[in-house]
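Student: model this:
(3 chains)
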Amino acid sequence: MKADPKRVLTGEHYLDGDHACAEGALAAGCTFIAGYPITPSTEVVERISERIPTVGGIFIQMEDELASMAAVVGASWSGAKALTVTSGPGFSLMMENIGLACMLEAPCVIINVQRGGPSTGLPTLTGQADMMQVRWGSHGDYEIIALSPNSPQECFFFTIKAFNLSEKYRVPAFVMTDECVGHMTEKVIIPEADKIELFQRRYTKLPPEEYLPFKPGPNLVPEMVKAGDGYRIHATGLTHDEKGYPVMNWEAQEKLVRRLVEKIRKNADDIVEYEEEETDDAEIVLLSYGISSRVAIPAIQKARAEGIKVGVLRLIVVWPFPEKRVYELSKKIKAFVVPEINYGQIVLEVERSVHGECDAILVPHGGGWVHNPEDIYRGIKEAVK
Amino acid sequence: MNETLTKEMGVIEEKHPMENILRMDRIPHIWCPTCGIGIAVTSFAIALEKSKIPLDQVCVVSGIGCSGRVAGYVKLDSFHSTHGRAIPFATGLKLGNPKLKTVVFSGDGDIIGIGGNHFIHSARRNMDMLVLCINNFIYAMTGGQLAATTPLTANTSTSPYGNYETPFNLPYLADSCGAVYVARWTVLHVRRLANSITEALNKKGFSFIEIICPCSTIYARRNRLGSGLDLMKFYHDNSIIKHGANTKELDIGFQQKIIVGKFVDRERPTFLESLNDWNRKVFGDKFKEYGGPDDGD
Amino acid sequence: MTEIRISGFGGQGIIRCGYIIGKAASIYDGKSATLTQSFGPEARGSACSAQVVIEKDRVLYPYITVPNILVAMSQEAYTKFESNLEKNGILLIDQDLVKPEKRRDQIKFYSIPATRIAEEMGNKIIANIVMLGFFTAVTKVITKEAGRKAIFGSVPERYIELNLKAFDQGYEFGKKLLSESS
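Tutor: Numbering: from 1, shown residues only, chains lettered A, B, ... in the order given. Presented below is the predicted three-dimensional model:
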């Protein structure tokens, strides 16, 4: 299905990352947005609230992030493409109902414009320290999808991608951007609507008496219905059977949780996306995501100029993590160098994936600014030693 | 009784009168004997039939707790959400598809305790939903802890020497936040409650009905109030019907008189009406009203 | 690569000025330009600065390190940022608002009474655009056509004419200044 031309602001624009996320959401057909103001994400909903009356859809400023996320899950079940936007402190509050979205298999998108933490931290300055929270922050066992853009242009496209993946796999999909990208303004090219491919939610064609709302369909993903379609479904945050009814025993738990996890893990090859460059004869691979992947380029160029063979594995989708590819590469290289604006999150996943075949060297940054490319260069030098 | 046997015996199979509205495959329910929640559900079922609202459009959202299980027993699109978040979940459902009729059916701990913030804001916005709040004065499912509704001096497992916190007066709270319909009944008042729900279902905006409900296993036992039946007898002897009563005067003291009735019934533009009217005024023909996912251009 | 800092106090349209420079360079001059901004938690009055990095190809590191060009529209901003200007850099000031201290020899220095010109045109709010025109003429970082085009969509529609006029005034002032000094 193609995007609706009335919702797509085709043309060349000079936009910040937050505004580009907003345009991405509108282009993706998002019709419900709930949010609570929080720096540095507020510009996303400001732009949406300005645009939505003439585009079609509803924005509501909720009383807090608990409510925003709960409303998003509700709206998703009434058939809307639903979005909420936040940053660290709000993200923490959303965790409760992110778990509900996973359990109710409600497609929805959450944009986290990361800032320095913990707690109130650095409201107006950048960070990448919510990368494990997005994966593990709600209680229990589940999987999600997370993407990480490094420019306003990518904010636009990755928001659309997040909607598509979320609709396809019926999981919350996250755009893990950050203050630097969110507040930087660059050229954003918005293509014609017919160049934007949208995934259409799979609704059942079965009659109500044959339909089971949580029976796995293709790719382990159940076909959906909307509230009001006459199926009279029940959906609960309790462990449930295919009918959606609560079942309080380990067998039901095993069946449900296993599927929730496997619908992402078994389809990881379809979801995982990365950019790879000069890895064929690399001795070092720079593995990065988001803004760090961009400020690493000058460091890579400098190292290459000195004859160091540096390859690049830049994650577009961070979760699920491309563990297979990382393992393959680990067997041929000396080390992965991982710059992150945190004290070691995705590097742990790299360590896990290499199974001891090579080193994983973190180039940390506590937040508040991006890496100086020199620091990343030094990380590369250390790795070749 | 199986079908063949029934036919052979020439017995006419009897249908449960609420089969239309209950998920019979989930009965028996988990509620204790003499719990009042079932009576409230019956009143709701009667009201739904009377209201003539197409059942396929009705969504029930519950939170967590004994009353939070209601969503699991009604044969409607029903959602059992997280603790305290039934109201924002219902807000999303309604705004995602404005054609739906949303009912929040949950308990006092859920709606007023942990979810109080959502309650006051939804009333303020006049969000389209009917909130049916079972009040049993205690957190029953977790074993009887202090609630924001527990009367002064009452005993709970976390106020073992008696409650010294002032409880909320729910109709007053709903009224002052802007609810357009506010009523209180006990589950003894089955018929009046059903009528009240019918009336509220046909109202636009934020309606609120507090349903006083016996909890014999926890609340009555801890406070030595006898059986569920004794509590019903207490309601019978101590309820005073006073329509239009000043909501300020509706506090409930421990084993004191309970004033019931319809206290508020007014008109005020709903959230969606305000949103649509305002945007029409600002944008004229350029405003694109959102009618739900099935609304084509 | 060119690194530019526009600075002043909140409410002067500093960010807007940086935005138009970035937009002109990246959309109409075919380069790449990244705008970042920094401001205090105060909405008005505090030191405010917009940074633009302009590259022929892609901008990788989004922040400026040692700016080649500093535009200062307040004394506070001048004091705060002057020392960071590259030693052969260009300094532009609003001469009524900034009293420069000791001058570094290699720095190219240009001044304009941007706010006074704007006031004479009837609204001091367009001082930033007068400065933008001046900046365009003096630094040649963006073309005049690109600067004018970038104003469309960047200021309220009803003020476009006024803003274009302000831009032209600043531009002419700069051109004249250059021809006088050569």
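Student: just the buried residues of the strand or helix carrying residue A:54, please?
Tutor: Counting by DSSP states H and E, the element that carries residue A:54 is helix A:42-55. The neighbour-count check on helix A:42-55 (16 or more other CB atoms under 10 Å in any protein chain shown) flags A:42, A:43, A:44, A:45, A:46, A:47, A:48, A:51, A:52, A:53, A:55 as buried. Where C-beta positions appear, they are placed from N, C-alpha and C, glycine not excepted.
Student: gap between the fourth one and residue A:51?
Tutor: In other words, residue A:45. From residue A:45 over to residue A:51 the distance is 11 Å, taken as CB to CB, to the nearest Å.
Student: who touches both of those two?
Tutor: Counting by CB atoms under 8 Å, 6 or more residues apart in numbering or on different chains, the shared contacts of residue A:45 and residue A:51 are residue A:22.
Student: thinking again about what came up before, output the contacting helices and strands for the helix holding residue A:54.
Tutor: helix A:17-27, strand A:32-35, strand A:58-61, helix A:179-183, helix B:271-283 (3 or more CB pairs under 8 Å, 6 or more residues apart in numbering or on different chains; DSSP states H and E).
Student: who does the second one touch, helix- and strand-wise?
Tutor: Using 3+ CB pairs under 8 Å, 6+ apart as the contact test, the elements touching strand A:32-35 are helix A:42-55, strand A:58-61, helix A:65-77, strand A:82-86, helix B:86-96.
Student: tabulate these in a markdown table, adding columns for mean pLDDT.
Tutor: Formatted as a markdown table, the helices and strands packed on strand A:32-35 follow (pLDDT from 0 to 100):
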| stretch | mean pLDDT |
| --- | --- |
| helix A:42-55 | 98 |
| strand A:58-61 | 98 |
| helix A:65-77 | 98 |
| strand A:82-86 | 98 |
| helix B:86-96 | 98 |
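Student: need the ones you listed in a markdown table with distance to residue C:166, can you?
Tutor: Formatted as a markdown table, these follow (distance: least, CB to CB, whole Å):
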| stretch | distance to residue C:166 |
| --- | --- |
| helix A:42-55 | 26 |
| strand A:58-61 | 35 |
| helix A:65-77 | 42 |
| strand A:82-86 | 36 |
| helix B:86-96 | 44 |
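Student: residue C:123 is nearest to which of the ones you listed?
Tutor: helix A:42-55 (24.9 Å; CB to CB).
Student: need the CA coordinates for that closest one. PDB is fine.
Tutor: C-alpha atoms of helix A:42-55 as PDB (Å, rounded to 0.1, in the frame of the first residue of the first chain):
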ATOM      1  CA  THR A  42       8.400  18.100  22.500                       C
ATOM      2  CA  GLU A  43       8.900  19.500  19.000                       C
ATOM      3  CA  VAL A  44       7.600  16.200  17.500                       C
ATOM      4  CA  VAL A  45       4.200  16.600  19.000                       C
ATOM      5  CA  GLU A  46       4.200  20.400  18.500                       C
ATOM      6  CA  ARG A  47       4.600  19.900  14.800                       C
ATOM      7  CA  ILE A  48       2.000  17.100  14.800                       C
ATOM      8  CA  SER A  49      -0.500  19.200  16.700                       C
ATOM      9  CA  GLU A  50       0.000  22.000  14.200                       C
ATOM     10  CA  ARG A  51      -0.500  19.700  11.200                       C
ATOM     11  CA  ILE A  52      -3.000  17.100  12.300                       C
ATOM     12  CA  PRO A  53      -6.300  19.100  12.000                       C
ATOM     13  CA  THR A  54      -5.900  19.500   8.200                       C
ATOM     14  CA  VAL A  55      -4.400  16.100   7.600                       C
END
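Student: next, the angle from it to helix A:65-77.
Tutor: When axes from the mean of the first three to the mean of the last three CA atoms, to 10 degrees is applied, the directions of helix A:42-55 and helix A:65-77 differ by 40 degrees.
Student: what residues does helix A:42-55 touch?
Tutor: Outside of helix A:42-55, the residues within contact range by CB under 8 Å, 6+ apart are A:6-7, A:16, A:18-19, A:21-23, A:25-26, A:33, A:35, A:37, A:58-59, A:61, A:85, A:111, A:113, A:182-183, B:279, B:282-283, B:286-288.
Student: only the buried members of these: can you turn that into a PyMOL selection?
Tutor: A single PyMOL command selects the buried members of those (16+ other CB under 10 Å):
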select buried, (chain A and resi 7+16+18+19+21+22+23+25+26+33+35+58+59+85+111+113+182+183) or (chain B and resi 279+287+288)
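Student: quick one: contacts for the residue in the stretch 151-297 of chain B positioned nearest to chain C?
Tutor: Of all residues in the stretch 151-297 of chain B, residue B:286 sits closest to chain C, at 15.7 Å by CB to the nearest CB. Applying CB under 8 Å, 6+ apart, we find residue B:286 in contact with A:53, A:54.
Student: chain center to the helix-or-strand element of chain C with minimal mean pLDDT: distance?
Tutor: Lowest by mean pLDDT, DSSP states H and E among the helices and strands of chain C is strand C:32-39, with a mean of 90. Mean-position distance between strand C:32-39 and its chain equals 12 Å (CA atoms, centre = their mean, to the nearest Å).
Student: in chain B, which spans are helices?
Tutor: Secondary structure of chain B by DSSP state H: the helices cover B:3-8, B:37-51, B:70-73, B:86-96, B:108, B:116-125, B:170-177, B:190-201, B:221-222, B:228-238, B:271-283.
Student: any idea of the mean pLDDT for the third one?
Tutor: The pLDDT scores in helix B:70-73 average 96.
Student: for that helix, give me every contacting residue.
Tutor: With CB under 8 Å, 6+ apart as the test, helix B:70-73 has contacts from A:234, A:236, A:245-246, B:22-23, B:26-27, B:29, B:37, B:40-41, B:60-62, B:78-80, B:105-106.
Student: go with 6 Å
Tutor: B:22, B:23, B:26, B:29, B:41, B:60, B:62, B:78, B:79, B:80, B:105 (CB atoms under 6 Å, 6 or more residues apart in numbering or on different chains).
Student: and the fourth one, how many neighbours does it have?
Tutor: Taking other CB atoms under 10 Å in any protein chain shown as the criterion, the count of residues near residue B:29 is 16.
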